[in-house]
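>>> sequence first, then the predicted structure, then my questions.
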Amino acid sequence: MDDEILVLEKDVEAVLARSYPKQDTRNDDKYLACVSLTDLLRWLAVPPLYTTLRVNTTAVTAIEAKELLKAELKKAEKEVIVDLPCGMAVLRGADVFKQGILGAPSTMLAGERVKVMADVDGSCLRGFTKEYQGRKMYVGTGVSTVSREELFCTKSETLRGVGIQMTEALYQAPSLSNTLSSVVFPQNLPSVICGHVLDPKPGQTVLDVCAAPGGKTTHIAMLMKNQGRVIALDKTTDKVSRIQTSVDNFKLTCVETFAFDARKAAAQDAEMSGGPPYPPAMFDCVLLDGPCSALGQRPSVRNKMNASTLASFPKLQRMLLTTAVSLVRPGGVLVYSTCTIPVEENEDQVAWVLDTYPDMVLERQTPHLGGCGLPHTQLSETDRSLVQRFGPSLQTDEENEACDTDTIGFFIAKFRKQITAS
Ligand SMILES: C[S@@+](CC[C@H](N)C(=O)[O-])C[C@H]1O[C@@H](n2cnc3c(N)ncnc32)[C@H](O)[C@@H]1O
């Protein structure tokens, strides 16, 4: 995978080069350990190792959802095990070559739709027939061009050509978005963490400022046990209908959705009931998971965004932050998150909130599975330790206890508005 690297426009790369060193500084005592820009771009070019799903626990338990999902996926198609290099090639858009196939069901014929799984630990033996129980990673779905018999009754040296023609590209492949949509919602791990960090309680009034397609909205409503009031805004009716679909799928009734420019969602003389705008200090919790440059999305091997588009996000985010801060009640919580990596959209925005609104303070997050904020930013060392940044790890996979923080690039800050004596 070492040859894959995210190619950015030169001016955008220059912006990132301000925060990420040219060389890896992990062995250099003079610097705080920091991943190099090259390593970051390499990390962004490959997909996260895991696909995560959040369970609708108002409908089923996590164990029940797992069983339902297993049965659903089993129904889908037969499973072929390929070696890891072959699996990685598939993630880069290749078909499966016959020599890369390790295991296939005894009934597999040419022309059958099959699910392709990569053998993560390299422990599957060639010619395996049963359902492989080792660690495996879904890399796509395709159509076999050979039967199992042809594959394994031929000398491996003489096996040539494509064995499985891939039909479903890369990571969209599991098409889980339409699978058990009342039971699970495909959502990356940091986004799931966002809901828990916000920690809304039943009966509270919560605002999801930029909510489409509603991943975090449904999580918030679920954590509130569908009791209280969740207001979900996004800027177009089209986007809002996507939130509504997510809400309806989960049969949640405490969510109100509105198409509205969230920059204008606070007004002194507004009413608390009905749609926006709303009066200041109305909400117990506010989530701003707003527009960002989305440079944390993986896999991504080419991004054509230019520096002026990149530079437009911090301004918009500050307008939304201004509204979000004003709508949180004293004692209430504001969570700010992005799925991007530039300091300007993350640590710098947090520092700006702390500077501009002295009543907003950072709070420790639970759970905290990501790393700290980047070093050498406007944040103090203490504040840096309070934010969560998901990015390439400085540790090797063996040093990491689990690789399940191999996620998309993401950033989370949790503020609490102080109650000031008036
Ligand atoms: C990162 S996405 C939100 C994802 C969502 N929180 C979730 O978890 O499903 C950012 C959203 O911000 C919305 N947005 C951008 N500008 C906005 C504005 N001025 N008012 C409301 N929503 C806005 C975009 O339409 C987009 O849907």
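Okay, I see it. If you're wondering where the values come from, they're calculated on a predicted model, not measured in any experiment.

>>> who are the contact partners of the nearest residue to Lys98 once chain neighbours are set aside?
The spatially closest residue to Lys98, leaving aside those adjacent along the chain, is Gly163, at 3.7 Å (C-beta to C-beta, 6 or more residues apart in numbering). All C-beta atoms are positioned from the backbone trio N, CA, C, and that covers glycine. The neighbourhood of Gly163, defined by C-beta atoms under 8 Å, 6 or more residues apart in numbering, consists of Val96, Phe97, Lys98, Gly100, Ile101, Ser144, Thr145, Val146, Leu151.

>>> change it to 6 Å
By C-beta atoms under 6 Å, 6 or more residues apart in numbering, the contact list for Gly163 reads Val96, Lys98, Ile101, Thr145, Val146.

>>> out of the residues you listed, who's nearest Asp289?
If you rank the contacts of Gly163 by distance to Asp289 using C-beta to C-beta, Val96 comes first, at 37.0 Å.

>>> contact residues of the stretch 151-300 of the chain facing the ligand?
Residues of the stretch 151-300 of the chain lying close to the ligand (C-beta under 6 Å from any ligand atom) are 191, 210-216, 233-235, 239, 261-263, 289-291.

>>> what's downstream of the helix or strand hosting Arg384, the next helix or strand?
Secondary-structure element containing Arg384, defined by DSSP states H and E: helix 381-386. Once the chain leaves helix 381-386, the next helix or strand it forms, by DSSP H and E, is strand 388-390.

>>> figure out how far the helix holding Arg384 is from the centre of its chain.
Taking the mean C-alpha point of helix 381-386 and that of its whole chain, the gap between them comes to 23 Å (C-alpha atoms, centre = their mean, to the nearest Å).

>>> for it, buried residues please.
Of the residues in helix 381-386, those scored as buried under the neighbour-count criterion (16 or more other C-beta atoms under 10 Å) are Asp383, Arg384, Leu386.

>>> follow-up on the earlier one: just confirm the residue nearest to Lys98 is within a strand.
Yes - counting by DSSP: H, G, I helix; E, B strand; the rest coil, one finds Gly163 located in a strand.

>>> the helix or strand encompassing Thr167 pairs with which strands, and in what direction?
Secondary structure from DSSP H and E places Thr167 in strand 162-168. Note on strand 162-168: by DSSP bridges, its sheet partners are strand 96-97 (antiparallel), strand 136-144 (antiparallel).

>>> what residue in the stretch 51-200 of the chain comes nearest to the ligand?
Using C-beta to the nearest ligand atom, the closest approach of the stretch 51-200 of the chain to the ligand is made by Ser191 at 5.6 Å.

>>> hang on, that residue in a strand?
No - counting by three-state DSSP, Ser191 falls outside a strand, being helix.

>>> what sits closest to it if chain neighbours are left out?
Residue nearest to Ser191 in three dimensions, not counting chain neighbours: Gly215, with 5.8 Å by C-beta to C-beta, 6+ apart.

>>> with Gln244 instead?
Residue nearest to Gln244 in three dimensions, not counting chain neighbours: Thr257, with 5.2 Å by C-beta to C-beta, 6+ apart.

>>> average model confidence for the helix or strand hosting that neighbour?
Counting by DSSP H and E, the element that carries Thr257 is strand 255-259. In this model, strand 255-259 has an average pLDDT of 98.

>>> show me what counts as buried in that strand.
Residues of strand 255-259 classed as buried by neighbour count (16+ other C-beta under 10 Å): Val255, Thr257, Phe258, Ala259.

>>> quick one: the first one and His219, what's the gap?
Going back to what we said before, that points to Val255. Applying C-beta to C-beta, to the nearest Å, the value for Val255 to His219 is 11 Å.

>>> same check, this time on the last one
Counting by C-beta to C-beta, the gap from Ala259 to His219 is 21 Å.

>>> count of neighbours near Arg298?
Residues contacting Arg298 under the criterion other C-beta atoms under 10 Å number 20.

>>> sec struct for it, please.
Of the three states, Arg298 takes coil according to three-state DSSP.

>>> who's in contact with it?
Counting by C-beta under 6 Å, 6+ apart, Arg298 makes contact with Leu44, Pro47, Pro48, Ile408.

>>> out of those residues, flag the one nearest to the ligand.
Relative to the ligand, the closest of the contacts of Arg298 is Ile408; by C-beta to the nearest ligand atom it sits at 11.5 Å.

>>> quick check: phi and psi on the closest one?
In this entry, Ile408 is assigned phi and psi values of phi -70, psi 170 (degrees, to the nearest 10).

>>> wait, it touches Ala294, no?
No - when contacts are counted by C-beta atoms under 6 Å, Ile408 is not listed as touching Ala294 (9.1 Å).

>>> what do those two both touch?
Taking C-beta under 6 Å, 6+ apart as the criterion, Ile408 and Ala294 both touch Cys339.

>>> those two: who's more crowded?
Each of Ile408 and Ala294 has its neighbours counted (other C-beta under 10 Å); Ile408 has more, 23 against 17.

>>> mind checking what secondary structure Leu68 has?
Looking at Leu68 with three-state DSSP, the answer is helix.

>>> need the contact list for it.
Leu180 are the contacts of Leu68 under C-beta under 6 Å, 6+ apart.

>>> those helices in the stretch 101-250 of the chain, which residues are they?
Taking DSSP state H, counting those that start in this stretch as the criterion, the stretch 101-250 of the chain carries its helices at 148-152, 189-198, 215-223, 237-249.

>>> which residues does the shortest one contact?
Contacts of helix 148-152 with the rest of the structure, by C-beta under 6 Å, 6+ apart, involve Ile101, Ala104, Ser106, Met108, Gly127.

>>> nearest to Met319, of those?
So of those, ranked by how close each gets to Met319 (C-beta to C-beta), first place is Ile101, at 53.5 Å.

>>> next, count neighbours for the closest one.
As a measure of burial, Ile101 has 28 neighbours, counting by other C-beta under 10 Å.

>>> Ser182 too?
When neighbours are counted by other C-beta under 10 Å, Ser182 registers 12.

>>> number of nearby residues for the residue lying closest to it once chain neighbours are set aside?
On the basis of C-beta to C-beta, 6+ apart, the spatially nearest residue to Ser182 that is not a chain neighbour turns out to be Asn249, at 5.2 Å. The local packing of Asn249 (other C-beta under 10 Å) involves 17 other residues.

>>> and for Lys155?
Number of residues near Lys155 (other C-beta under 10 Å) recorded here: 6.

>>> quick check: it vs Met108, distance?
Distance check for Lys155 against Met108: by C-beta to C-beta, it reads 19 Å.

>>> the strand holding Thr167: which residues count as buried?
Within strand 162-168, the residues that qualify as buried are Gly163, Ile164, Met166, Glu168, counting by 16+ other C-beta under 10 Å.
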